[in-house]
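Q: Fold the following.
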Amino acid sequence: MYNFRYHLITIVSIFVSLLIGLLLGAAITGSDLVKDTQANMVKDLESRFSEFMNQNDDLTTQLSALQNRFDVENTLAETHFEAWAHNRLDGRTVVLLVSSADATGEATREINDTLQLSGAATVKITVKKPQFGLQDPEHLAQLEELLGLGGGTLTAEMLALRLADEWTYVYAAPPAKKDDDKKKDNNKNPAVDTEALAATMQARYPLTKFLLEKEIISVDAQYAALSGHTSPAPDAAQKLALEFAGSHQMPYGANGIINTLVISGDDESFVADEVGLQLASQFKLRGTTGSATPLAYPAWLKDSIPKNAAQSSAQNGNLEGVATPVVEPSYYALLIDLNSEKLALTSGKNNRALSRLAGFLETSDRYSLIALLSGAQTGDYGIGRQDGRFYPALPTDATGRAPFTG
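A: Below you'll find the model as predicted:
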């Protein structure tokens with residue numbers, strides 16, 4: 001058994017060991033080696049801190065310079081933008097596709113105000129159900145029946161093509177009868193068969209009417225800009241067609257489209273609405289490739305639309321036996337991420353060659369919108385981009401060389 005002496009010796013040994021350790025630590029701490037090491041470490045930390053402070057000062061100076069430049073350019077843009085954009089899209093009809101969540105947002109109002117400033121007639125289409133109802137089995141079956149298709153055969157591309165046909169339609173009045181040759185209205189235009197016009201217009205929008213009836217979309221069409229167009233003025237038939245389209249909330253004679261549609265995923269990510277993308281592609285096709293048969297635009301509307309410089313029979317030739325005219329109305333398409341953090345429309349491979357705008361926050365974005373709908377170079381732009389491509393160069397005229405004058 002352990003006695004008291006054993007325990008006492010053990011306790012004394014422990015305290016002696018502690019004392020020896022303290023003495024050794026004090027001796028080492030006071031040595032020149034430790035002092036030099038500590039001094040070098042402090043000096044190195046001070047040097048690094050000074051370097052970081054200098055880098056921070058340089059970055060702050062650069063940021064200040066960029067901010068000053070941005071303020072100057074933004075002020076210059078705000079000063080001259082309205083004068084530049086005023087009536088630049090005169091005679092055009094632009095469809096704006098938005099989701100229910102974005103329909104009343106500030107960015108949507110800014111886009112609409114910018115289009116009105118440019119003189120464009122606007123048709124805001126609010127899409128209440130993803131993919132225009134294609135994800136709903138009941139609506140899908142009804143759409144296929146309406147289009148005379150078999151079950152499971154309707155695709156986003158097919159639906160977009162048919163909708164684009166409806167929304168770009170322009171009424172062509174039949175030749176007046178001989179008995180009506182002398183009948184004139186107050187504007188000295190040939191009398192219009194209003195019943196025939198109404199019947200034709202009613203029959204032109206089967207898909208749009210279905211989507212409206214099922215509350216898949218809502219339409220807010222504002223045609224006052226076209227109805228009041230004076231150079232040249234719309235004839236009696238076109239005025240009546242515009243009145244009909246406006247009263248029935250139907251997209252009519254559209255030659256531009258802005259797509260902002262995205263779908264929210266379960267993980268708070270966003271992907272582009274495929275029907276919205278396909279619609280933008282269909283509008284783009286009508287203006288650049290000649291693959292769609294040109295519509296019979298009336299003279300007053302055709303003359304008011306800037307011509308696409310790339311359109312020529314020499315460039316486009318004949319496609320699938322359809323002759324491409326030398327002069328053809330231009331169609332433009334633009335994708336906009338209303339919230340640049342979504343990056344659903346402005347990231348990933350863009351195999352549709354569509355112009356895209358990351359965010360809609362600054363005057364430069366308003367400029368880009370008008371420029372890209374009037375012939376500016378196709379590309380990805382916006383303050384939200386990291387590669388510095390904030391906005392496109394000024395569009396050019398029909399020769400492709402001189403500054404665009406509208």
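Q: As a check, name the ranges of all helices in the protein.
A: Taking DSSP state H, the helices of the chain run over residues 4-29, 32-85, 106-117, 137-146, 156-167, 194-203, 206-213, 224-227, 236-247, 274-288, 299-302, 313-316, 363-372.
Q: For these, could you give me TSV that also reports mean neighbour count?
A: Placement of C-beta: from N, CA and C, glycine included. TSV is the format used below for those (neighbours: other Cβ atoms under 10 Å):
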stretch	mean neighbour count
helix 4-29	10
helix 32-85	11
helix 106-117	18
helix 137-146	15
helix 156-167	19
helix 194-203	13
helix 206-213	17
helix 224-227	18
helix 236-247	20
helix 274-288	23
helix 299-302	17
helix 313-316	13
helix 363-372	23
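Q: Specify the stretch among those helices that is closest to Val95.
A: The stretch from the helices of the chain with the least distance to Val95 (Cβ to Cβ) is helix 156-167; that distance is 6.1 Å.
Q: Now do the closest one against helix 206-213, angle only.
A: Using axes from the mean of the first three to the mean of the last three Cα atoms, to 10 degrees, one finds that helix 156-167 and helix 206-213 are set 100 degrees apart in direction.
Q: Please list the residues outside stretch 87-94 that contact it.
A: Under the criterion Cβ atoms under 8 Å, 6 or more residues apart in numbering, residues 115, 118-123, 223, 225-226, 229, 251-258, 301, 304-305, 370, 373-374, 406 lie in contact with stretch 87-94.
Q: picking that back up, between the helices of the chain, which gets the lowest average pLDDT?
A: Within the helices of the chain, confidence is poorest for helix 313-316, with a mean of 29 (mean pLDDT).
Q: and stretch 148-157, which residues are buried?
A: Of the residues in stretch 148-157, those buried under the neighbour-count criterion (16 or more other Cβ atoms under 10 Å) are Leu154, Ala156.
Q: can you give me the end-to-end distance of that stretch?
A: For stretch 148-157, the first-to-last residue distance is 16 Å (Cα to Cα, to the nearest Å).
Q: contacting residues around it?
A: So stretch 148-157 is contacted by Gln131, Leu134, Leu140, Ala141, Leu143, Glu144, Leu147, Met158, Glu274, Val275, Leu277, Gln278 (Cβ under 8 Å, 6+ apart).
Q: which of these are the two that sit furthest away from each other?
A: With distances taken as Cβ to Cβ, the most widely separated pair in the contacts of stretch 148-157 is Ala141 and Leu277, at 23.5 Å.
Q: Now do Tyr331, the pLDDT please.
A: The pLDDT attached to Tyr331 in the predicted structure is 83.
Q: check contacts around it.
A: Thr168, Asn255, Gly256, Ile257, Phe283, Lys284, Leu285, Arg286, Gly287, Thr288.
Q: care to break this structure down by domain?
A: Recorded structural domains for the chain (assignment: automatic domain parsing) are 4-71, 90-381.
Q: Inside strands: which ones of the contacts of stretch 87-94?
A: Taking DSSP state E as the definition of strands, these contribute Ala121, Thr122, Val123, Gly256, Ile257, Ile258.
Q: Go ahead and confirm the first one touches Leu226.
A: Put plainly, it is Ala121. Yes. When contacts are counted by Cβ atoms under 8 Å, Ala121 is listed as touching Leu226 (4.6 Å).
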